[in-house]
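Engineer: Using only what follows, build the 3D model:
(one chain, ligands or ions: 2)
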Amino acid sequence: MIRNLLFLVMALILFSGCKEKKTPPNIIFIMSDDHAYQAISAYNDDLIQTPHIDRIADQGMLFTNACVTNSICAPSRAVILTGKHSHINGKIDNRFPFDTSNITFPQILQENGYQTALFGKLHFGNEPKGFDQYKILIGQGNYYNPDFIIKDRGKVRLEGYTTDLITDMTMDWMKEERDPEKPYMMMYLHKAPHREWLPPPRHFRKYTEMTFPEPETLFDDYEGRGEAARSAEMNLLAHMNWAGDSKIKPENMDILGIPETVVWDKGAYEREVGRMNPDQRALWDEVYDPINETFVDNYASMSQEDLMRWRYQRYMQDYLGSVAAVDDGVGRLLDYLEEENMMENTIIVYTSDQGFYLGEHGWFDKRFVYDESFKTPLIVRWDGVIKPGSKNSQMVQNLDFAQTFLDAAGMKAPEDMQGVSLVPLFRGEEEGFRDAVYYHYYEYPAVHMVKRHYAIVTEEYKLAHFYDDIDEWELYDRKKDIQEMKNVIDDPGYASVVEDLKKKLAEMRKAYKDSPALDQAYIDLYKN
Ligand code: SGN
Ligand code: CA
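Structural biologist: Ligands and ions are numbered 1, 2, ... in the order given. The predicted structure follows:
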């Protein structure tokens with residue numbers, strides 16, 4: 001009897017011991033490139049249905065105010081991996097390679113027993129550290145028949161549609177290379193829906209036959225805003241490529257006498273559409289030739305306004321067809337995880353490297369601190385921790401991922417990381433979360449000509465300073481002017497708000513170790 005009791009007590013102690021030492025969670029980080037939250041039905045169902053991405057939201061948490069620190073591809077990725085702002089990790093723009101002496105969260109996870117892998121677009125100009133396996137696109141990558149760099153194998157060309165290929169390699173790794181003895185952290189990183197927006201053949205017809213609602217600000221004349229908005233080159237009518245983006249064949253541009261928007265307008269078409277194999281090309285021509293023919297027939301009778309509307313529709317058709325393929329891929333991965341009972345103790349994140357303009361303010365692209373590019377989708381599922389179907393409106397940033405994952409894995413983050421762990425938010429504890437975020441964009445002069453600016457954003461206001469070859473401040477009242485159409489910096493009614501925010505912004509710059517001297521150093525980088 002006593003022996004039995006002793007056995008029971010021992011078993012209980014052992015059992016509770018096991019419970020204490022929980023296995024760190026697996027982490028699946030899904031990120032697409034330039035995926036606007038407006039094009040995810042969990043956020044907005046006016047444009048597209050994304051049933052699979054929405055599944056993550058149904059079972060997890062939808063962040064309605066997630067944002068980035070610097071709205072452009074490679075810098076955003078560097079912020080995510082290092083947990084540090086661009087001015088600290090050094091990756092301020094897409095031009096210069098990532099400094100691999102930075103410590104990244106995958107390196108820390110790997111050193112502490114995680115199996116790590118990365119598939120898809122990285123865009124760093126070099127190969128990543130801290131991964132047991134990786135297959136990365138070269139630079140921006142291509143939509144069809146892409147070249148990849150595979151760890152320890154070098155460059156290979158793959159045949160097929162890139163979004164599907166990235167999903168295939170992710171699934172293959174899950175099935176064949178994953179070590180069941182270790183927790184894993186896997187990054188599944190789509191190139192889509194980045195420019196030039198080429199959908200897969202299965203979505204050609206559906207999306208090109210659709211007509212999409214126009215944003216209210218499609219014809220913004222930038223009058224109520226600043227010089228930076230007026231001088232940016234992101235307008236659908238003025239700056240989008242006719243061949244490269246709208247898929248008008250170069251020879252049809254010649255017939256109609258339409259000049260190239262930029263010198264690489266036709267080149268971008270050749271680079272992408274020209275890459276297709278004969279079978280892919282035949283399917284493409286079947287759908288895109290008639291679009292071209294109708295355009296050639298109608299062009300002479302179209303007003304500038306008609307052309308703007310036409311370009312918006314063309315843009316949405318290809319962009320959303322590309323998004324649909326991402327959603328298909330997410331669905332395949334979720335199905336697999338569900339079928340194999342692998343959802344337990346697994347964090348699944350869906351996000352984008354930044355937001356994107358889908359015709360708002362007449363624009364495409366990103367870069368600005370204005371909402372559509374500053375905000376980014378973020379949806380997280382973590383069974384047993386996150387309440388299914390929950391929403392969170394805190395101002396979380398891509399800066400927070402590194403500390404979040406280290407925290408979830410029970411590891412201490414390096415002192416110099418600058419984000420905040422989101423794990424308490426996952427648990428529903430929102431008390432005392434930050435009340436303002438810092439933003440800083442650098443890539444100027446460069447494609448799209450968006451001027452350098454830094455900003456402070458609170459729930460109520462957005463104060464931005466555009467500098468370098470300009471010195472302009474802008475203030476937006478986020479509650480009263482959701483579309484950010486009126487810069488109220490000179491409105492006397494906001495004088496005390498401006499004063500207060502300028503003070504807070506200066507404090508924030510100091511706290512994050514940013515400074516006028518650094519701004520100047522990064523300007524000088526462009527002069528050498
Ligand atoms: C390319 C694109 C731009 C885009 C940048 C950055 N032109 O230059 O439109 O802003 O990349 O994109 S393209 O026609 O060559 O694609 S990012 O996502 O890599 O930051
Ligand atoms: Ca991007």
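
Engineer: List the residues that contact Arg157.
Structural biologist: Shown in contact with Arg157 (Cβ atoms under 8 Å, 6 or more residues apart in numbering): Asn145, Pro146, Asp147, Phe148. Just so you know, the C-beta spots here come from the backbone N, C-alpha and C atoms, and that holds for glycine as well.

Engineer: Mind putting those into a markdown table with neighbour count?
Structural biologist: Formatted as a markdown table, the contacts of Arg157 follow (neighbours: other Cβ atoms under 10 Å):
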| residue | neighbour count |
| --- | --- |
| Asn145 | 16 |
| Pro146 | 22 |
| Asp147 | 13 |
| Phe148 | 22 |
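
Engineer: is it fair to say Arg55 lies in a strand?
Structural biologist: No - secondary structure of Arg55 (DSSP: H, G, I helix; E, B strand; the rest coil): helix, not part of a strand.

Engineer: The closest residue to it other than its chain neighbours: which element?
Structural biologist: Spatial nearest neighbour of Arg55, excluding adjacent residues (Cβ to Cβ, 6 or more residues apart in numbering): Leu334 at 5.8 Å. Here Leu334, judged by DSSP states H and E, is contained in helix 304-339.

Engineer: Give the other helices and strands that that helix contacts.
Structural biologist: With contacts defined as 3 or more Cβ pairs under 8 Å, 6 or more residues apart in numbering; DSSP states H and E, helix 304-339 has these neighbours: strand 26-32, helix 51-59, helix 162-172, helix 201-208, strand 346-352.

Engineer: Spit out the contact partners of the closest residue to ligand 1 within the stretch 101-250 of the chain.
Structural biologist: Residue nearest to ligand 1 within the stretch 101-250 of the chain: Arg195 (3.8 Å; Cβ to the nearest ligand atom). Applying Cβ under 8 Å, 6+ apart to Arg195 gives the contacts Asp34, Gly244, Asp245, Phe364, Asp365.

Engineer: Of the residues you listed, just say which sits nearest to Met169.
Structural biologist: Distances from Met169 to those, taken as Cβ to Cβ, are shortest for Asp34 (20.9 Å).

Engineer: For that closest one, the count of nearby residues, please.
Structural biologist: Neighbour count for Asp34, taken as other Cβ atoms under 10 Å: 29.

Engineer: So Gly355 belongs to a strand, correct?
Structural biologist: No - Gly355 is assigned coil when assessed by three-state DSSP, not a strand.

Engineer: what about it, how many residues close to it?
Structural biologist: 27.

Engineer: Also Pro516?
Structural biologist: Neighbours around Pro516, by other Cβ under 10 Å: 9.

Engineer: same thing with Lys503?
Structural biologist: 11.

Engineer: That one in helix, strand or coil?
Structural biologist: Reduced to three states by three-state DSSP, Lys503 is helix.

Engineer: For the protein, which element, helix or strand, carries the lowest mean pLDDT?
Structural biologist: In the chain, no helix or strand scores lower on mean pLDDT, DSSP states H and E than helix 2-20, which sits at a mean of 51.

Engineer: Could you break this protein into its assigned domains?
Structural biologist: Split into domains by automatic domain parsing, the chain comes to 206-316, 441-527.

Engineer: between these, which one is nearest to Gln110?
Structural biologist: domain 441-527 (27.2 Å).

Engineer: Relative to Val369, how far out is the residue in the stretch 1-150 of the chain positioned nearest to ligand 1?
Structural biologist: Nearest to ligand 1, among the residues of the stretch 1-150 of the chain, is Cys73, at 2.8 Å (Cβ to the nearest ligand atom). Distance, Cys73 to Val369, using Cβ to Cβ, to the nearest Å: 16 Å.

Engineer: number of nearby residues for Leu525?
Structural biologist: Quick note: Leu525 (other Cβ under 10 Å) scores 13 neighbours.

Engineer: which ones are touching Leu427?
Structural biologist: Check again: residue 427 is Arg, not Leu. So Arg427 contacts Val385, Ile386 (Cβ under 8 Å, 6+ apart).

Engineer: I meant to write Val273 there.
Structural biologist: Counting by Cβ under 8 Å, 6+ apart, Val273 touches Leu198, Lys247, Arg281, Trp284.

Engineer: All the helices of the stretch 101-250 of the chain, in order from the start?
Structural biologist: 105-111, 162-172, 201-208, 227-231, 250-256 (DSSP state H, counting those that start in this stretch).

Engineer: I meant to write the stretch 401-528 of the chain there.
Structural biologist: Counting by DSSP H, counting those that start in this stretch, one finds helices in the stretch 401-528 of the chain at the ranges 401-408, 423-426, 495-511, 516-525.

Engineer: Return the distance of the closest residue to Thr208 other than its chain neighbours relative to Met174.
Structural biologist: Leaving out its chain neighbours, the residue that sits closest to Thr208 by Cβ to Cβ, 6+ apart is Gln317, at 4.8 Å. From Gln317 across to Met174, the span is 32 Å (Cβ to Cβ).

Engineer: Neighbour count: the two, which is higher?
Structural biologist: Counted by other Cβ under 10 Å, Gln317 and Met174 do not tie: Gln317 has more neighbours, with 24 against 19.

Engineer: Check whether the helix holding Leu334 comes near ligand 2.
Structural biologist: No - Helix 304-339 does not reach ligand 2 (Cβ under 5 Å from the ion); its nearest approach is 12.9 Å.

Engineer: near ligand 1, anything from that helix?
Structural biologist: No - contact of helix 304-339 with ligand 1 is not found when judged by Cβ under 6 Å from any ligand atom; the minimum separation is 12.3 Å.

Engineer: That helix to helix 51-59, inter-axis angle?
Structural biologist: Put simply, helix 304-339 runs at 60 degrees to helix 51-59, going by axes from the mean of the first three to the mean of the last three Cα atoms, to 10 degrees.

Engineer: okay, stretch 302-320 in PDB with CA atoms only?
Structural biologist: Once non-C-alpha atoms are left out, stretch 302-320 reads as follows in PDB (Å, rounded to 0.1, in the frame of the first residue of the first chain):
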ATOM      1  CA  MET A 302     -11.000  57.000 -74.200                       C
ATOM      2  CA  SER A 303     -10.600  60.100 -72.000                       C
ATOM      3  CA  GLN A 304      -7.900  60.500 -69.300                       C
ATOM      4  CA  GLU A 305     -10.500  59.600 -66.800                       C
ATOM      5  CA  ASP A 306     -11.500  56.500 -68.700                       C
ATOM      6  CA  LEU A 307      -7.900  55.500 -69.000                       C
ATOM      7  CA  MET A 308      -7.400  55.900 -65.200                       C
ATOM      8  CA  ARG A 309     -10.400  53.700 -64.600                       C
ATOM      9  CA  TRP A 310      -9.200  51.100 -67.100                       C
ATOM     10  CA  ARG A 311      -5.800  51.000 -65.600                       C
ATOM     11  CA  TYR A 312      -7.200  50.600 -62.100                       C
ATOM     12  CA  GLN A 313      -9.300  47.600 -63.300                       C
ATOM     13  CA  ARG A 314      -6.300  46.000 -65.100                       C
ATOM     14  CA  TYR A 315      -4.200  46.500 -62.000                       C
ATOM     15  CA  MET A 316      -6.700  44.900 -59.700                       C
ATOM     16  CA  GLN A 317      -7.400  42.000 -62.000                       C
ATOM     17  CA  ASP A 318      -3.700  40.900 -62.100                       C
ATOM     18  CA  TYR A 319      -2.900  41.900 -58.500                       C
ATOM     19  CA  LEU A 320      -5.900  40.000 -57.100                       C
END
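
Engineer: What are the buried residues along that stretch?
Structural biologist: 307-320 (16 or more other Cβ atoms under 10 Å).

Engineer: Any chance of the helices and strands packed on helix 304-339 in a markdown table with mean neighbour count and mean pLDDT as columns?
Structural biologist: Listed next are those as a markdown table, based on neighbours: other Cβ atoms under 10 Å; pLDDT from 0 to 100:
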| stretch | mean neighbour count | mean pLDDT |
| --- | --- | --- |
| strand 26-32 | 24 | 99 |
| helix 51-59 | 20 | 98 |
| helix 162-172 | 21 | 98 |
| helix 201-208 | 17 | 98 |
| strand 346-352 | 24 | 98 |
